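Q: I need the structure of the sequence given here:
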Amino acid sequence: MKISECVVVITGSSGGLGRSMAGLLVQRGAKVVLCSRDIRRLKQTAKESGAMAVRANVTRESDLKRVVQKTLKAYGRIDVWVNNAGMWLPKEDLESIDPKKALQLFRTNVFGAIHGMRAAIRVMKRQGFGTILNIISTTAFDGMNGSSGSMYVTSKYALRGLTNVVRDELSRGPVRLIGVYPGGIKTNLFDAAKPGNFGEFMPVDEVAGKIVAHLEKDSPEPELIIARPGHQVPAGRR
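A: Here you go, the predicted model:
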């Protein structure tokens with residue numbers, strides 16, 4: 001894929017991985033549309049990166065339809081859509097979990113991606129091309145050995161399953177769906193309570209660089225696993 005000719009939408013991109021990816025893509029000549037519900041940070045990131053900003057909460061499908069409308073009005077197409085928005089909850093025993101926080105996590109991590117895929121697929125089928133990236137996590141393979149709580153792990157298993165099924169649905173059409181599985185990134189996602197092994201997590205720019213490099217391939221593989229050093233993902237993952 002020739003990044004310099006791409007129009008890319010990234011959800012959850014006011015900071016962290018989304019912000020880092022946006023900077024790299026703009027440097028390579030891409031037209032990037034950032035969306036986040038944090039309007040202050042979103043505007044700052046857009047100003048720093050040279051990207052376009054649209055305020056959006058991924059838990060509301062209507063917000064992502066608006067992102068599509070504004071992107072098409074500005075650039076006429078969407079080549080790449082990155083479902084990056086996500087939440088994390090510290091590890092707790094199941095009986096101690098706050099159900100309201102757990103529900104918000106699922107609305108963001110799972111339904112946020114569902115809304116994003118639905119919005120992108122409609123456009124990409126109509127235009128006859130497009131690539132969707134779902135940013136998931138290696139906890140979707142080995143959550144039992146991870147440092148994240150059951151709700152976060154469950155949401156990532158769900159997103160992995162969803163990605164595999166929808167990829168099969170799209171396999172005979174013009175839309176490519178890629179599952180991206182990073183293995184722990186040093187971002188402010190963990191500001192509330194850093195996992196005990198946070199020091200082993202990978203620098204955000206390193207992970208962003210690998211994702212962008214994967215997009216630049218002529219035929220990107222359907223899964224990109226970015227395991228941190230010394231961390232092995234089980235074989236037979238699909």
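Q: going forward, measure contacts between C-alpha atoms and count neighbours the same way
A: Fine.
Q: any idea which element residue 154 lies in?
A: Counting by DSSP states H and E, the element that carries residue 154 is helix 150-170.
Q: I'd like to know which elements the helix or strand following that helix is packed against.
A: Later in the chain than helix 150-170, the nearest helix or strand by DSSP H and E is strand 175-182. Applying 3 or more C-alpha pairs under 8 Å, 6 or more residues apart in numbering; DSSP states H and E, one finds that strand 175-182 makes contact with helix 112-127, strand 130-135, helix 150-170, strand 223-226.
Q: change it to 7 Å
A: Here strand 175-182 touches strand 130-135, strand 223-226, going by 3 or more C-alpha pairs under 7 Å, 6 or more residues apart in numbering; DSSP states H and E.
Q: Pull the distance from the helix holding residue 154 to the chain's centre.
A: 12 Å (C-alpha atoms, centre = their mean, to the nearest Å).
Q: ok, back up a step: wait, which of the helices and strands packed on strand 175-182 is closest to residue 9?
A: When those are compared by C-alpha to C-alpha, strand 130-135 sits nearest residue 9, at 9.5 Å.
Q: got the angle for the closest one vs helix 112-127?
A: Compare the direction of strand 130-135 with that of helix 112-127 by axes from the mean of the first three to the mean of the last three C-alpha atoms, to 10 degrees and you get 170 degrees.
Q: residue boundaries of the strands in this protein?
A: Listed in chain order, the strands of the chain (DSSP state E) span 7-11, 31-36, 52-55, 80-83, 130-135, 175-182, 223-226.
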